[in-house]
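Peer 1: let's see this in three dimensions:
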Amino acid sequence: MNDDLKTAGPDNTRWWVLALLSALMFGNYYVYDVIAPVAELLERQLGFTDTQIGALNAIYSLPNIFLVLIGGVIVDRYGAAKVTLWTTALCLVGAVLTAWKGDFVTMAAGRLLFGMGSETMLIAVTVATGIWFRRGGVAFAMGLSLAVARAGSYAVDLSPVWAGPVYDQGWQAPLVLAAGFAGFSMLTAIAYWWIERRHAIAVPQKSVQSGAFRMRWGRVLKFGTSYWYILALCVLFYSVIVPFRSTFSVKYFQHAHGLDLESAAIINSFVYLAAVIATPLFGWVADRYGYRALMMMFGSILLPLSFIGVVVGGDGLWFTTILLGISYALIPAILWPAVIKLVKADRLGMAYGLLFMLQNVGLTICNLAAGWLNDLNGAGADNPAGYAPMIVFFAVLSVGALIFAVALWRREVGPHSHGLELPGAQRPAGFVEPA
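Peer 2: As a prediction, this is how the structure comes out:
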C-alpha cells in the first residue's frame, strides 16, 4: 500500500484510537446480535414466524447491498472520523426504534435504519485502523479490535444469564438494553471524532480531488484475482456463520437438542468466546510469520466439520461452536487486513465497500433462505427434524468456502503472489504495485 496519507500521529495516540474504535464496535455488535436470544420470545409472545425473525437480520443487510459501496467512497471523500460519527448516530436511532413497539413493521424499520448506518460505520472503522497502523501491526490491530467487538456478541449471548431479570420482563426489555449499548457507541464515536479533529489526519490526499468518485468506479474490476478470492471467502463465511449464529442457533439448540434458553445461549456464546481469543492471535501470526492463505484453508476445513458437530450434538456441542468461532476469527484477522496488501490507500474505502456490499447480499439471502426452509419444513419444538434442510444448506456453502480457500492459496504460492504468505509488509520478488 502506498504511503500517501498524512502522518498518523504518535504511537500512544493510535492505541487510544484503537481502544475507542474497539469499544464502539463492542456496542454495535451487541445490538446486531440481540435478535438470537430474543427469537423464541418474539415467536411465543408476538407470534413472529421464522421467516419474520430471519427478516429482522436480513433487512439489516438489505440496504447495504446498495449503500456500502457508496459508503466506502464517502469514507474516502470525507474521512473515517466524520463518517463514523454520522453512521453511529443513525445506528442509535435504529436501535431505539427496534425496541419501541411490538409489531413487525416498526421493528423491521428500526433494523433497517440500524443496518444503513452499521455497515458503512464498519468500513470507516476498518479504514481508520488501517491508516493508523499502516506502518506495522495492522493485522494484530484489526484482530484485537474485532476481538473486543465480538466480546459484545459474547455479552449478548450470555445476556439471558447475567441479565435474566431483563428477559423475565418479556421481549422489549432486552431490546431496550441493546439501545443503551448503542448510546454507549455514540459516546465513543464522539471521542474518536475529537481525536481525529485534533490531529487532522486519516483523509487520503487523492480523495479530495475533483472527479475522485468518477475515477474510482472504473477501477473496481482491476483489484486483481486474489482480491476476488478474498471477497468470495468473506461472503461465504459470513453467509454461513452469521445467519446461523446470530439468528437461528439459540432457537435451534432449544428445539433440536432440548436445551433451555440459558443453556442454549451459553453454548452459542462459545462461537464468539473462541473468536475473541483467536482473532488477535491469528492477526499476530499473520503479521509476524505470514501464511495467510494457508490459515484460511485451515479455517475452511473447520467450517463444514462444525455443522456436522451441530447435528450430532451431545456433550461435544460446545466444542463444535468453538470450531465455528475459530473459523469466524479468520475474517478480520486474515481477510480484511489482506486487502491492504492488494489495494492502494486512496481506494481502500471502495475496496472495503464492495466487499461489505457483497457480504450483505449473502447475509440477506441466507437469512431469508434459512427462515424459509425452516417454515417450509415445519421446523420447531414438535418437529426438530425440520431444521435439517437449513443445516444442509449451510454445510454446502461451507464446502464452497473451502474451494475458494484452496484457490487463494494456490495463487499466493505461485508467480502472481501479493505476499500474503510473507510476514508483515514484505513483498515478493518482482511485485508490481496495483494500478
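
Peer 1: give me the neighbour count for the residue lying closest to residue 122 once chain neighbours are set aside.
Peer 2: In space, and not counting its chain neighbours, residue 122 is closest to residue 356: 6.5 Å by Cβ to Cβ, 6 or more residues apart in numbering. The C-beta positions use only the backbone N, C-alpha and C, and glycine is treated the same way. By the measure other Cβ atoms under 10 Å, the count of residues near residue 356 is 30.

Peer 1: just for the stretch 151-300 of the chain, where's the confidence low?
Peer 2: 200-223 (pLDDT under 70).

Peer 1: now the helices for it?
Peer 2: 159-162, 164-168, 172-199, 212-217, 225-243, 249-256, 261-289, 292-312 (DSSP state H, counting those that start in this stretch).

Peer 1: give me every residue that touches residue 118.
Peer 2: Residues in contact with residue 118, defined by Cβ atoms under 8 Å, 6 or more residues apart in numbering, are 28, 31, 32, 60, 87, 91.

Peer 1: 7 Å instead?
Peer 2: 28, 32, 91 (Cβ atoms under 7 Å, 6 or more residues apart in numbering).

Peer 1: could you do residue 123 as well?
Peer 2: 68, 71, 72, 75, 349, 352, 353, 356 are the contacts of residue 123 under Cβ under 7 Å, 6+ apart.

Peer 1: so which strand or helix has it?
Peer 2: Here residue 123, judged by DSSP states H and E, is contained in helix 104-132.

Peer 1: tell me which residues of that helix come out buried.
Peer 2: Within helix 104-132, the residues scored as buried using 16 or more other Cβ atoms under 10 Å are 104, 107-132.

Peer 1: equivalent analysis for stretch 262-274, please.
Peer 2: For stretch 262-274, burial by neighbour count (16+ other Cβ under 10 Å) applies to 263, 264, 265, 266, 267, 268, 269, 270, 271, 272, 273, 274.

Peer 1: distance of the spatially closest residue to residue 20 that is not a sequence neighbour from residue 294?
Peer 2: The spatially closest residue to residue 20, leaving aside those adjacent along the chain, is residue 192, at 4.4 Å (Cβ to Cβ, 6+ apart). Using Cβ to Cβ, to the nearest Å, we find residue 192 at a distance of 35 Å from residue 294.

Peer 1: what about those two, which has more around it?
Peer 2: Each of residue 192 and residue 294 has its neighbours counted (other Cβ under 10 Å); residue 192 has more, 26 against 16.

Peer 1: let me see the contact set for the more buried one.
Peer 2: Neighbour list for residue 192: 17, 20, 21, 24, 81, 84 [criterion: Cβ under 7 Å, 6+ apart].

Peer 1: for the third one, pull up the helix or strand it's in.
Peer 2: Secondary structure assigned from DSSP H and E places residue 21 in helix 11-32.

Peer 1: centre of the chain to the very next helix or strand once past that helix, how far?
Peer 2: Using DSSP H and E, the helix or strand that follows helix 11-32 in sequence is helix 35-46. For helix 35-46, the separation from the chain centroid amounts to 23 Å (computed by Cα atoms, centre = their mean, to the nearest Å).

Peer 1: residues of helix 35-46 that come out buried?
Peer 2: Buried-residue list, helix 35-46, by 16+ other Cβ under 10 Å: 35, 36, 37, 38, 39, 40, 41, 42, 43, 46.

Peer 1: report all helices and strands that the next helix or strand after it contacts.
Peer 2: Moving toward the C-terminus from helix 35-46, the next helix or strand (DSSP H and E) is helix 50-61. Helix 50-61 is packed against helix 35-46, helix 104-132, helix 348-376, with contacts defined by 3 or more Cβ pairs under 7 Å, 6 or more residues apart in numbering; DSSP states H and E.

Peer 1: which one, of these, ends up nearest to residue 281?
Peer 2: Residue 281 lies closest to helix 104-132 among the helices and strands packed on helix 50-61, at 17.3 Å (Cβ to Cβ).

Peer 1: nearest residue to residue 313 in space, please, no chain neighbours.
Peer 2: Per Cβ to Cβ, 6+ apart, closest to residue 313 is residue 257, 4.7 Å.

Peer 1: then residue 16?
Peer 2: Nearest to residue 16 is residue 195, by Cβ to Cβ, 6+ apart, at 6.7 Å.

Peer 1: cool, and residue 95?
Peer 2: residue 182 (3.8 Å).

Peer 1: my read: the one you found touches residue 92, true?
Peer 2: Yes: under the criterion of Cβ atoms under 7 Å, residue 182 makes contact with residue 92 at 4.5 Å.

Peer 1: now the most centrally placed residue in the chain. Nearest residue, chain neighbours left out?
Peer 2: Compute the mean C-alpha point of the chain, and by Cα atoms, centre = their mean the closest residue is residue 238, 7.2 Å away. Leaving aside its sequence neighbours, residue 238 sits nearest to residue 359 (Cβ to Cβ, 6+ apart; 4.7 Å).

Peer 1: same question for residue 69.
Peer 2: residue 353 (4.3 Å).

Peer 1: and for residue 58?
Peer 2: residue 367 (3.7 Å).

Peer 1: that neighbour and residue 245 touch, don't they?
Peer 2: No: here residue 367 does not reach residue 245: they are 11.5 Å apart, not a contact under Cβ under 7 Å.

Peer 1: the more surrounded of these two?
Peer 2: Between residue 367 and residue 245, counting by other Cβ under 10 Å, residue 367 is the more crowded of the two (29 against 23).

Peer 1: look up how far residue 306 lies from the more buried one.
Peer 2: According to Cβ to Cβ, residue 367 and residue 306 sit 19 Å apart.

Peer 1: for residue 315, same thing?
Peer 2: 16 Å.

Peer 1: got it, and residue 61?
Peer 2: Here residue 61 is placed at a distance of 22 Å from residue 306 (Cβ to Cβ).

Peer 1: the more surrounded of the two?
Peer 2: residue 61 (30 against 26).

Peer 1: now do the contacts for that one.
Peer 2: Residue 61 touches 115, 360, 363, 364, counting by Cβ under 7 Å, 6+ apart.

Peer 1: tell me how many other residues surround the second one.
Peer 2: Other residues near residue 360 number 26, with proximity taken as other Cβ under 10 Å.

Peer 1: quick check: it touching residue 68?
Peer 2: Yes: with contacts counted by Cβ under 7 Å, residue 360 reaches residue 68, the gap being 6.5 Å.
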